[in-house]
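Participant: Sequence isn't available, so here's the structure alone:
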């Protein structure tokens, strides 16, 4: 196909991607938006298949069949609770694809390529296939660097979220940061040196290896609680890598699309950091806010924690007019979303007003709780963001906290010495009564005791989230 | 690629970033997870570069291998990303 026609197809694809993301700004138009974007992808792919450099199809077809099969199985099988891992893995594959595309371009640029397609393209460019410009080699080097960091960084994030081989805890060793810094400096040097044509093959392989290792070392020391930030950031990297690959080939579709995704990831990263009251550097280099004298669990809880049974709480709920449910990662852990929906339905059938309070970092990725509750067919207009629900807690009879901890900790509001001081929280303690459903008094990701559990108006309902909610429903229906 | 072309491409990149910021700031928090998986699928556009590499038809084995790997990874991204986003969004649609 004519080169201009292909370029035009890329333009159409970019426009469809933009319209697709625009569709995602409203739940009603979102499905259509996603379909438009998929159509854009099809247009770009078909146009590329007609490119004159594409002369053999067996590897393309094999790759597409294999990739489509893996992608489809993943997409159909994955549970909504495991969505953070899924997105982490997809980020990694995206970064890997950019890495390999850049590698291929490096081969084309430095090896005398044979074959009809390459010959045609060489003739077309009025030059041999050896001796590309420095600027292209710089783009190749940067794509390799970002792509490889995204690949291994995402795989570590996946492993941490899935608790596959490694736990979610920060992993580090003495001198780790020095090695990370050295690798980064070496990688930048290699990008420059390769672009100058110095020891190209050896340095290029060195660059790939250093960048892959860098990805591991950057994410290993980050703890499970900070994963929302890391996933959002890696999402951004995967976009920037695609954009960088676009600069290698002068491909506008890649540049525009990569920029959109890069911007998306950065915005989500910013939202997540703000919701945790931490700076990005703080998250990345794993320094939790300097804490003053730490308070022991005994000081906070000693004799003040009241626990209650399901029947007692059911009685409370029966006389309530307004109930707010606060879900956290514990809800995902115990797969309690459907049980929670039944609880909300039961309460509503009794004439109680029920809303859900969603903290931006509840769960392990942006919007995680919304997806889980949507899966249980809870209408999205009942899921209220923190800024809007906080003023309503004072008129709330019962707040039910399920598997959330740090995002409800009043120390963030009141205790200046606390490491989480300043983090915006859900003011559940302002509700008339707070019911906390939790397995034990163990601390959350921040490793702090939560004075909410010992407050005068708090009742603890100890147990597994799903079972406790089912008990509550049972008690409500019996009476 | 001439420096002038590079500058034009860079200008395109910068404008696309601004557009992205404007658009994505309008996405409500409730759709942030589908936004991530959906934008992920879109970033699978690298499949374009992957196809160009895998279909070169020459006898450079390294090029064929990395091209093939790129096609596989980009396709997982595209197919997996769009399908899982569709699955999630369908749950938001029904009421």
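Facilitator: Structure received. Bear in mind that the values here come from a model prediction, so they are computed numbers and not experimental data.
Participant: Now do the contacts for the nearest residue to residue A:206 once chain neighbours are set aside.
Facilitator: Closest residue in space to residue A:206, ignoring its immediate chain neighbours: residue A:190 at 5.6 Å, by C-beta to C-beta, 6 or more residues apart in numbering or on different chains. Bear in mind the C-beta positions are built from the backbone N, C-alpha and C, glycine included. Taking C-beta atoms under 8 Å, 6 or more residues apart in numbering or on different chains, we find residue A:190 in contact with A:141, A:203, A:204, A:206, A:207, A:210.
Participant: and residue B:47, how far is that from residue A:400?
Facilitator: Going from residue B:47 to residue A:400 by C-beta to C-beta, to the nearest Å gives 46 Å.
Participant: let me redo that: residue A:441
Facilitator: As for residue A:441, its distance to residue A:400 is 17 Å (criterion: C-beta to C-beta).
Participant: more crowded one of these two?
Facilitator: Using other C-beta atoms under 10 Å in any protein chain shown as the criterion, residue A:441 and residue A:400 rank with residue A:400 on top: 29 against 18.
Participant: beta partners of the more buried one?
Facilitator: Here residue A:400 sits in beta bridges with residue A:325, residue A:435, going by DSSP bridges.
Participant: which ones are touching it?
Facilitator: Residues near residue A:400 by C-beta under 8 Å, 6+ apart: A:323, A:324, A:325, A:326, A:435, A:437.
Participant: show me what contacts the second one?
Facilitator: For residue A:324, the contacting residues are A:354-357, A:389, A:392-393, A:396, A:398-400, A:428, A:431, taking C-beta under 8 Å, 6+ apart as the criterion.
Participant: closest to residue A:318 among those?
Facilitator: Residue A:318 has its nearest neighbour among the contacts of residue A:324 in residue A:398, at 10.2 Å by C-beta to C-beta.
Participant: interface residues of the stretch 251-400 of chain A facing chain B?
Facilitator: By C-beta under 8 Å from any C-beta of the partner chain, the residues of the stretch 251-400 of chain A that approach chain B are A:251-265, A:267-268, A:271, A:358, A:360, A:365-368, A:370-371, A:374-375, A:377, A:379-380, A:383, A:385.
Participant: got TSV for the contacts of residue A:324, with pLDDT too?
Facilitator: Output for these, formatted as TSV (pLDDT from 0 to 100):
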residue	pLDDT
A:354	95
A:355	95
A:356	96
A:357	95
A:389	95
A:392	95
A:393	95
A:396	95
A:398	95
A:399	95
A:400	95
A:428	94
A:431	94
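Participant: Filter these down to the ones in helices?
Facilitator: Those of the contacts of residue A:324 mapping onto helices are residue A:389, per DSSP state H.
Participant: now, among the contacts of residue A:190, which is nearest to chain B?
Facilitator: In terms of C-beta to the nearest C-beta, no member of those lies closer to chain B than residue A:204, at 11.0 Å.
Participant: from what I can see that closest one touches residue A:194, true?
Facilitator: Yes - the pair formed by residue A:204 and residue A:194 meets the contact definition of C-beta atoms under 8 Å, at 5.5 Å.
Participant: anything in contact with each of those two?
Facilitator: Residues touching both residue A:204 and residue A:194 (C-beta under 8 Å, 6+ apart): residue A:106.
Participant: neighbour-wise, which of these two wins?
Facilitator: Neighbours were counted for residue A:204 and for residue A:194 using other C-beta under 10 Å; residue A:194 has more, 26 against 23.
Participant: For that one, give me its contacts.
Facilitator: For residue A:194, the contacting residues are A:106, A:137, A:140, A:141, A:200, A:203, A:204, A:207, by C-beta under 8 Å, 6+ apart.
Participant: and the gap between the nearest residue to residue A:195 once chain neighbours are set aside and residue A:240?
Facilitator: Counting by C-beta to C-beta, 6+ apart, residue A:195 lies nearest to residue A:137, which is 3.9 Å off, once chain neighbours are set aside. According to C-beta to C-beta, residue A:137 stands 18 Å off from residue A:240.
Participant: out of the contacts of residue A:324, which are buried?
Facilitator: A:354-357, A:389, A:392-393, A:396, A:398-400, A:428, A:431 (16 or more other C-beta atoms under 10 Å in any protein chain shown).
Participant: does chain B sit close to the helix or strand containing residue A:245?
Facilitator: Using DSSP states H and E, residue A:245 maps to helix A:227-249. Yes - counting by C-beta under 8 Å from any C-beta, chain B has neighbours in helix A:227-249: A:231-232, A:235, A:238-239, A:241-243, A:245-249.
Participant: which stretches of chain A form strands?
Facilitator: Under the criterion DSSP state E, chain A contains strands at A:322-327, A:353-358, A:383-385, A:398-402, A:433-438, A:458-462.
Participant: Make TSV out of the ones you listed and add distance to residue B:41.
Facilitator: Conversion of the strands of chain A to TSV gives the following (distance: least, C-beta to C-beta, whole Å):
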stretch	distance to residue B:41
strand A:322-327	27
strand A:353-358	24
strand A:383-385	24
strand A:398-402	31
strand A:433-438	36
strand A:458-462	41
